[in-house]
Structures are given as structure tokens and as C-alpha cells.
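Engineer: A structural model of the following input is requested.
(chains A and B)
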Amino acid sequence: MKELVEMIAKALVDNPDKVHVSQLEGEQTSILELKVDPEDLGKVIGKQGRTARAIRVILGAAGMKLKRRFNLEIIEKN
Amino acid sequence: MEKNEKNNSQNDSNPQEQEFKGRNLEDVISLAEHEMKLTREQINYEIVAEKTKLFGIRRKEIVIRAWPKRAQGENAATEFLDQTLEMLPLNITYHTKKKRDMLYIIFEGPDRHLLLRKDGALLLAFQHLLNKVSPKKVQTDCDFFRQKKEQELKDHAQYVAQRVQETGEKEILDFMNPYERRIIHVAVNQIQGITSESIGDGFLKRMKIIPVKD
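Structural biologist: Alright, predicted model coming up:
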């Protein structure tokens, strides 16, 4: 799923080379930490969080199939 | 040859586009299949013109512009979608339709029911992201979800509008997005003496259905 989030984020931002995703594995949950250039933060969050929510919905559907929870966290501080 | 193609693609006309004319859509698509030596699943097309010439029904003419599906390197939306679907553990495929400035993406495949859960949350999530990456406007659909949804909204709007007409009391509807509100406005305004207004601000707004006072 790390690659998926990375691909989506890169498609959305102006500085794709500043996109970085790390995946932390828990027992039933994976946490995906997404870091982007501070200028691109709005691009991955979207108006009223709509873009972030859309990414989470896609992760949710993947999780249903894989019987796993995926949590997307957008890291604000660099 | 190759150089020529590159020059052409500067202004967004696709060098592999061809126009076909015929009496009806079925005829034209068959013609396109034959000429391009591809099956219709491998062809994207848009309708350029559809006209009935003067004097008689038999003179109907339809013109389409057709191009092979894979030759759409410039299409950011489908490229993005292909990549996403490849990485997702979901068994979903899609086909596209182009109409004027809109790109319609219709999903298929055994896992397509996942798209429609929670009022089409995943379907709309794809639509949102595709609109972010695509210069063209994109609308996603699956199993006539749009059509069903529109009908539901229309029915609901008219039901409430009739109640407002009878009681003369205004009613307030749930939060809706602009697309849904538009459908409600149109449906409500077909009923005499009743009108609708959106209240609040933000992407989701509630709607007020009110009797018109003269």
C-alpha cells in the first residue's frame, strides 16, 4: 500500500520528489505516514480534507480485501 | 512520420483520430472497426455531429471521431487510474466514454460492488482524485449508480415539495453536494408554487423547500 499512497501523492503535488511515505506495521493495522513539501500540504489534504478523505476511502477498500486496516497520517512537520 | 505525429500532438488533436460517417451509431462503429482493424472495445470515440437532414428520416447522418484506446498517452486520468488499479488488490476494470469536454469512466469487474458501498464513497473518491490529475472533467459511474441516484433524489424532492404544497410549511433537507442540489432544484421547480434555496456555505449545504408567496 506504501507504493499506492506514494503514487497517488506524487500525482497530486507540484514537487513529486519531496514525497515520502513510510509504513509502520501493527498487528491488524498499518500506519502510512505521508510527508510532502510544506507547499504541497494543501494539495494532498484538499478543501475541507476531501482529497485526504478520498485517499483514505481507497485504502479502506483495499483493507477490506486484505482484512487489514490502513491508517493514513499526513505529517505536517518536516 | 514520427516527427509529424509529435508536431500534431502539440495542439491537442490526436494524430490517430479518424472521422467516420454513417446513418446510425451502430453503422458508424462497425465502419470504424473495419477501417481501423480493431474491435469496438479497443476504440474510443466521441460523437462529432448528429443531424437529420431536411426531407425525411432516412437522411439522418452521424459523424464520430474515433481513435485507438491505447494511444492515449496524453490522458492523465486513465494513466493514473491504470496505475492505481494495478496496485489495488481489487478486481475492477473500466471503460471510458468521451462526450464533449467530459470524460466518463464506467467501472466493471467482480469487485465493483465495493465502489457503491456507503452511497458510492469509493466511486466518488476515484472521481475526486481523477479530477485533480486530469485537465478534463471526469465523471465516474458503475451499474447505473448515477441514474438510480438521480431518480431517488428526484422522487424524494417531489415528495417533499408536494407535502410543502399541501401544508404551506417550509421543509429543510439533509446536507448535499452541488451535483445533488442541482437535481433537487430542477425537480422542485417543476412543481408550481414551490421553490428551493440552498442554505449555509461550504461544499455540503442543506436545502430549504418553500412555498412561493405572491
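Engineer: what does chain B put close to chain A?
Structural biologist: Chain B comes close to chain A at residues B:76, B:80, B:83-84, B:87-90, B:111, B:114-115, B:121-122, B:124-126, B:128-129, B:132-133, B:202-203, as judged by C-beta under 8 Å from any C-beta of the partner chain. In short, each C-beta sits where N, CA and C put it, glycine included.
Engineer: what packs against the lengthiest helix in chain B?
Structural biologist: Across chain B, the longest stretch assigned as helix under DSSP state H is helix B:145-167. Applying 3 or more C-beta pairs under 8 Å, 6 or more residues apart in numbering or on different chains; DSSP states H and E, we find helix B:145-167 packed against helix B:113-133, strand B:171-172, helix B:178-189, strand B:194-199, strand B:206-211.
Engineer: again, 10 Å this time
Structural biologist: With contacts taken as 3 or more C-beta pairs under 10 Å, 6 or more residues apart in numbering or on different chains; DSSP states H and E, helix B:145-167 sits against strand B:102-108, helix B:113-133, strand B:137-141, strand B:171-172, helix B:178-189, strand B:194-199, strand B:206-211.
Engineer: for that helix, buried residues please.
Structural biologist: Across helix B:145-167, burial judged by 16 or more other C-beta atoms under 10 Å in any protein chain shown covers B:145, B:146, B:149, B:150, B:153, B:154, B:157, B:158, B:160, B:161, B:164.
Engineer: contact partners of stretch B:179-196?
Structural biologist: For stretch B:179-196, the external contacting residues (C-beta atoms under 10 Å, 6 or more residues apart in numbering or on different chains) are B:124, B:139, B:146, B:149-165, B:168, B:170-171, B:173-176, B:197-198, B:204-214.
Engineer: picking up where we left off before, among the buried residues of helix B:145-167, which one sits closest to residue B:96?
Structural biologist: The nearest member of the buried residues of helix B:145-167 to residue B:96, counting by C-beta to C-beta, is residue B:146 at 15.2 Å.
Engineer: which residues touch the nearest residue to that closest one once chain neighbours are set aside?
Structural biologist: Nearest residue to residue B:146 in three dimensions, chain neighbours excluded: residue B:139, at 7.6 Å (C-beta to C-beta, 6 or more residues apart in numbering or on different chains). Shown in contact with residue B:139 (C-beta under 10 Å, 6+ apart): B:97, B:99, B:102-106, B:123, B:127, B:130-131, B:146, B:179.
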